[in-house]
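Undergrad: Attaching a predicted model along with its sequence, questions to come.
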Amino acid sequence: MKEIPDDAKEAKCDLKITKTGASIVNMDVEMKETCYAMFYRIFSVADWAPYENADEATMTALAQALDQEGWGIKNINFSQEGSYATTDYQHDLDPNGSYVVAYVGRNGYGQLSKVKTETFSTKARVTDNPGASKATIDITISDPGRTSLKLTYTYNQEAAVYYHQYIMTPDLLEEGNKAELIKYLMSENSNIWAANKNGGVESFAWSGLDPGTEYTFAYMAEDWDGVLTDVKIVKATTEAIIAGPNPMMQLNAYMSDLGNFTVQYSIVKDVAKLYYTIIEDNYSASGDYTYQECMDVWKERCLDYGLSGVNSTTQSYDKTSEAKRLVALCVPIGADADGNEVIGDLYTVFYDKEKGIITDPSVLFPDAPKLKKGIKGIAKPQVVKKDNRVPAKLIVNEQVKVNTPGVMRSESVIYLDLKKLGKHPHSK
C-alpha cells in the first residue's frame, strides 16, 4: 500500500468533440502522464441544468459519481509515465438534441480532478430521402445451422449507425408499411450498433433460432448527416432436422484459456437430437471394470441425466481443478423409416490431470478398441467480442494510504443521487 505524497500531481485529461451525427458522437480523448484514467457521462441539457452553476460540494459529488458510474478509459501508458490518446463514441442519442459531456480524471493515487465539460448538438434525422444518404450497407448470410445463422455486415466509412432485426410479423414488410418498419428498426426491440469509423466488415452469429425456419432480416444504415438509407431485406433458412438410422457425431475437446475442459459436440448426420454431459470418471482408474461395462453405465447415465439439444453444434465445459479425471459423454438419437427412435453409439473423450486430453479409450482401457472416428483433441483459443467501452467501476487503482489529499479521493462517499445522471448507456 503506497503513501499519497503531499505534492501529488492532479490528473490532467482533455476531451474534444470531433464528429456528431443524428444519434452518435465521436470524442477524442487525451490523458497526460499524470492521469491514470478518465471517466465521463453524457447529459441532455435539461439533465445538466442542476449542475450548470452548482456549488463545489455538488460538483465534488458529481466527480465521484462519474468515477463510479460513468464510462471509463484507462491510460494504457501510465506505468511508463506516458500520455495516451484515443477515440471514444456514444450512440443511442436523440436527434436534434443538445448535450453536455462531463468528465473527470483520476491520478495514480485515486484522486480526482475537477469536472470539465464539452457541449455538442446532434443533427436532425432524415427518414424520407434515402437517395441522399452517403452510407452504404449490405448483409449476407452464411453457415446456416439448425438454430443459428451467420450474418456478415459490410458498410462504408460514411455509415455512423446501423439498424437490423429479423421480422416476425410479415405485415411490416408490406410496401405501405415502410414508415412503421423504419420506426420498428429504430425502436428498443431492434439492434442498433455503432459502425467502425473507417468502415469495415463484421460478422455475428445469431443463435436461438428454430430449425428449418426461414428468417427475414430488415436493415438500414444512418450516415453522419443523419440521413437513413433505404431499408433492405435479406432472407435465409436454418438447417432442418433430418433424422436417419445411423446418427453420427463429431466431438472436439480442448482446454479453455481458463483451464476448463471444454467439449464441442457437432452433428455429422442423421441426428434428431442429442444427449450430452461431462462427469467425473471414477471407473477407468480403478481397474475394476471392463471397457464395455463402463460404456454401458455411462450411456445409460447420459440418456437418463444428460442435457438434451438439437443444435448443429453444442458446447459444454467443466472445471478441472477438483477432479483427477473427467469424461465427456454424448449419445445421438436418430430415427428409422417408420419414425421410431434409433439410439446411437456412445461418444466419449477424457481429460486426465497427468495425461491431458485423451481421445483414444485404449490409453485407459486395455480391452478397449482403438480410437473411432469422430473424436478429436484440439487446442484453440476462445474468442469473445467485447464492447470497447469500459464501465468506470472496473478501472481500479492499487490501494493507497489515506493522507489529507489536495484533491478529492474517488473512494469518498457519494452524496449525489445517481438517478440524476440519467440512464447509463451500459444498461441497454
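TA: Alright, I've got the coordinates. Numbers count the residues shown, from 1 in each chain.

Undergrad: Quick check: which ranges of the stretch 201-350 of the chain have low pLDDT?
TA: For the stretch 201-350 of the chain, applying pLDDT under 70 flags the ranges 257.

Undergrad: That one: helices as residue ranges?
TA: Ranges of helices in the stretch 201-350 of the chain, per DSSP state H, counting those that start in this stretch, are 291-305.

Undergrad: Quick one: the strands in it, in order.
TA: Assigned by DSSP state E, counting those that start in this stretch, the strands in the stretch 201-350 of the chain fall at 214-223, 232-237, 248-255, 260-269, 273-280, 307-309, 313-319, 325-335, 341-343, 347-352.

Undergrad: Would you format those strands as TSV with mean neighbour count included?
TA: To be clear about C-beta, it is placed using only N, CA and C from the backbone, and glycine gets the same treatment. Formatted as TSV, the strands of the stretch 201-350 of the chain follow (neighbours: other Cβ atoms under 10 Å):
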stretch	mean neighbour count
strand 214-223	21
strand 232-237	15
strand 248-255	19
strand 260-269	20
strand 273-280	20
strand 307-309	14
strand 313-319	17
strand 325-335	23
strand 341-343	14
strand 347-352	24
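
Undergrad: Please name whichever of those strands is nearest to Y51.
TA: Of all the strands of the stretch 201-350 of the chain, it is strand 214-223 that lies closest to Y51, at 30.3 Å by Cβ to Cβ.

Undergrad: could you list every residue that touches the closest residue to D367 other than its chain neighbours?
TA: Leaving aside its sequence neighbours, D367 sits nearest to Y291 (Cβ to Cβ, 6 or more residues apart in numbering; 4.9 Å). Taking Cβ atoms under 8 Å, 6 or more residues apart in numbering, we find Y291 in contact with P361, F365, D367, A368, P369.

Undergrad: Quick one: these as CSV, columns for distance to P95 and neighbour count too.
TA: Formatted as CSV, the contacts of Y291 follow (distance: Cβ to Cβ, whole Å; neighbours: other Cβ atoms under 10 Å):
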residue, distance to P95, neighbour count
P361, 63, 22
F365, 68, 19
D367, 72, 10
A368, 67, 18
P369, 67, 11
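
Undergrad: do you know how far T20 is from E118?
TA: According to Cβ to Cβ, to the nearest Å, T20 and E118 sit 11 Å apart.

Undergrad: Same check on I73?
TA: I73 sits 15 Å away from E118, going by Cβ to Cβ.

Undergrad: more neighbours, those two?
TA: Using other Cβ atoms under 10 Å, the more surrounded residue of I73 and E118 is I73, with 26 against 17.

Undergrad: Could you look up the SS state of the more buried one?
TA: Secondary structure state of I73, per DSSP: H, G, I helix; E, B strand; the rest coil, is strand.

Undergrad: Nearest to A132, out of the strands of the stretch 201-350 of the chain?
TA: That would be strand 214-223 among the strands of the stretch 201-350 of the chain, by Cβ to Cβ, at 8.7 Å.

Undergrad: what does the average pLDDT come to for the helix or strand Q68 falls within?
TA: Taking DSSP states H and E as the criterion, Q68 maps to helix 56-69. Averaged over helix 56-69, pLDDT sits at 95.

Undergrad: Give me the helices and strands touching that helix, please.
TA: strand 37-44, strand 98-106 (3 or more Cβ pairs under 8 Å, 6 or more residues apart in numbering; DSSP states H and E).

Undergrad: what comes up buried for that helix?
TA: Judged by neighbour count using 16 or more other Cβ atoms under 10 Å, the buried positions of helix 56-69 are T58, M59, T60, A61, L62, A63, Q64, A65, L66, D67, E69.

Undergrad: How about the second one: what's its closest non-neighbour residue?
TA: Put plainly, it is M59. Closest residue to M59 apart from its sequence neighbours, by Cβ to Cβ, 6+ apart: V115 at 5.3 Å.

Undergrad: quick one: contacts for the one you found?
TA: Y51, M59, L62, A63, L66, A102, Y103, V104.

Undergrad: again, but for D288
TA: Contacts of D288 by Cβ under 8 Å, 6+ apart: none found.

Undergrad: on that earlier part again, possible to save the strands of the stretch 201-350 of the chain as JSON lines with distance to W193?
TA: Shown next, in JSON lines, are the strands of the stretch 201-350 of the chain (distance: least, Cβ to Cβ, whole Å):
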{"stretch": "strand 214-223", "distance to W193": "10"}
{"stretch": "strand 232-237", "distance to W193": "15"}
{"stretch": "strand 248-255", "distance to W193": "30"}
{"stretch": "strand 260-269", "distance to W193": "28"}
{"stretch": "strand 273-280", "distance to W193": "33"}
{"stretch": "strand 307-309", "distance to W193": "29"}
{"stretch": "strand 313-319", "distance to W193": "25"}
{"stretch": "strand 325-335", "distance to W193": "36"}
{"stretch": "strand 341-343", "distance to W193": "43"}
{"stretch": "strand 347-352", "distance to W193": "37"}
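
Undergrad: Check the gap between V231 and A160 for me.
TA: Separation of V231 from A160 (Cβ to Cβ): 17 Å.

Undergrad: I misspoke; the intended subject was K178.
TA: Using Cβ to Cβ, K178 is found at 21 Å from A160.

Undergrad: Next, the angle strand 98-106 makes with the helix holding Q68.
TA: Interaxial angle, helix 56-69 versus strand 98-106 (axes from the mean of the first three to the mean of the last three Cα atoms, to 10 degrees): 80 degrees.

Undergrad: CA atoms only for helix 56-69, dumped as PDB, please.
TA: The C-alpha coordinates for helix 56-69 follow below in PDB (Å, rounded to 0.1, in the frame of the first residue of the first chain):
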ATOM      1  CA  GLU A  56     -18.400  23.000  -5.000                       C
ATOM      2  CA  ALA A  57     -19.900  20.300  -2.900                       C
ATOM      3  CA  THR A  58     -22.400  19.300  -5.600                       C
ATOM      4  CA  MET A  59     -19.600  19.200  -8.300                       C
ATOM      5  CA  THR A  60     -17.400  17.100  -6.000                       C
ATOM      6  CA  ALA A  61     -20.200  14.600  -5.600                       C
ATOM      7  CA  LEU A  62     -20.700  14.600  -9.400                       C
ATOM      8  CA  ALA A  63     -17.000  13.900  -9.900                       C
ATOM      9  CA  GLN A  64     -17.200  10.900  -7.500                       C
ATOM     10  CA  ALA A  65     -20.400   9.700  -9.300                       C
ATOM     11  CA  LEU A  66     -18.600   9.900 -12.700                       C
ATOM     12  CA  ASP A  67     -15.700   7.900 -11.300                       C
ATOM     13  CA  GLN A  68     -18.000   5.100 -10.200                       C
ATOM     14  CA  GLU A  69     -21.000   5.200 -12.600                       C
END
